[in-house]
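J.: sharing a model prediction with you, sequence too.
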Amino acid sequence: MTEPTLRPEGPVDEPAFRSMFVAIRRAPMDASGFDPEMVERLLQQQFDLQQTGYRDTYPEAETDAIVVGDEVVGRLIVDASGERVVLVDIMIDPSHQQQGIGTQVLRDMIARHAGRAIELHVDLGSPAEEWYHQHGFEQVAVNKLQAHMVRVTG
């Protein structure tokens, strides 16, 4: 596998990010028997709302396209403007998951911010929750939907 690299997002990346978002979230909704067109519209709206929410909540965050070869395979959003680094989002296209891309990107991000605490929120019970535990993140708070996790780097 070619090593993943990061580059600042550009307007040309939005369709790839949108497509990944829909692909990641579509299967559970399709399995529920919802109308496929309704599912598509709902997921498109959720993507738009997520984008707006991230920009409003983390106005200084940097968004990078995760690239393997010349293909955009994911997105990384990090806000390093405060005392703690916030991992806002990491998303890998389902067709590129389970290949170590996300792990490499996460390890590189942790190394870039050595000596600083890194925090994130993750959906409770999602596979990502355990994945973050494996990378040294510890749950510090929880609500009905998400765990708040922190990793103190050395």
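T.: Arrived safely. Numbers count the residues shown, from 1 in each chain.

J.: can we go C-alpha only for contacts and neighbour counts from here?
T.: OK.

J.: please name the nearest non-neighbouring residue to Thr5.
T.: Spatially, and ignoring its direct neighbours in sequence, Thr5 is nearest to Val67 (5.2 Å; CA to CA, 6 or more residues apart in numbering).

J.: extract the CA atoms of the host helix or strand of that neighbour and return them as PDB.
T.: Assessed by DSSP states H and E, Val67 sits inside strand 62-68. Provided in PDB are the C-alpha atoms of strand 62-68 (Å, rounded to 0.1, in the frame of the first residue of the first chain):
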ATOM      1  CA  GLU A  62      -7.800  22.600   9.300                       C
ATOM      2  CA  THR A  63      -9.400  20.200   6.900                       C
ATOM      3  CA  ASP A  64      -7.100  17.900   4.900                       C
ATOM      4  CA  ALA A  65      -7.800  15.400   2.100                       C
ATOM      5  CA  ILE A  66      -6.200  12.000   2.800                       C
ATOM      6  CA  VAL A  67      -4.700  10.900  -0.400                       C
ATOM      7  CA  VAL A  68      -3.200   7.600  -1.500                       C
END
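
J.: and it, which strands flank it?
T.: Note on strand 62-68: by DSSP bridges, its sheet partners are strand 5-8 (antiparallel), strand 71-79 (antiparallel).

J.: contact partners of the helix or strand of the chain with the lowest mean pLDDT?
T.: Among the helices and strands of the chain, helix 14-31 carries the lowest confidence by mean pLDDT, DSSP states H and E, at a mean of 87. For helix 14-31, the surrounding residues in contact (CA atoms under 8 Å, 6 or more residues apart in numbering) are 36, 39-40, 43-44, 47, 72, 74-75, 91-94.

J.: for that helix, buried residues please.
T.: Neighbour-count burial for helix 14-31 flags 16-18, 20-22, 26 (criterion: 16 or more other CA atoms under 10 Å).

J.: again, but for stretch 53-70
T.: Within stretch 53-70, the residues scored as buried using 16+ other CA under 10 Å are 58, 61-68.

J.: for this structure, longest helix please?
T.: helix 36-57 (DSSP state H).

J.: if you count contacts, what does it end up packed against?
T.: Helix 36-57 sits against helix 14-31, with contacts defined as 3 or more CA pairs under 8 Å, 6 or more residues apart in numbering; DSSP states H and E.

J.: circling back to that earlier point, which residues does the longest helix of the chain contact?
T.: Here helix 36-57 has contacts from 18, 21-22, 25-26, 29-30, 61, 88, using CA under 8 Å, 6+ apart.
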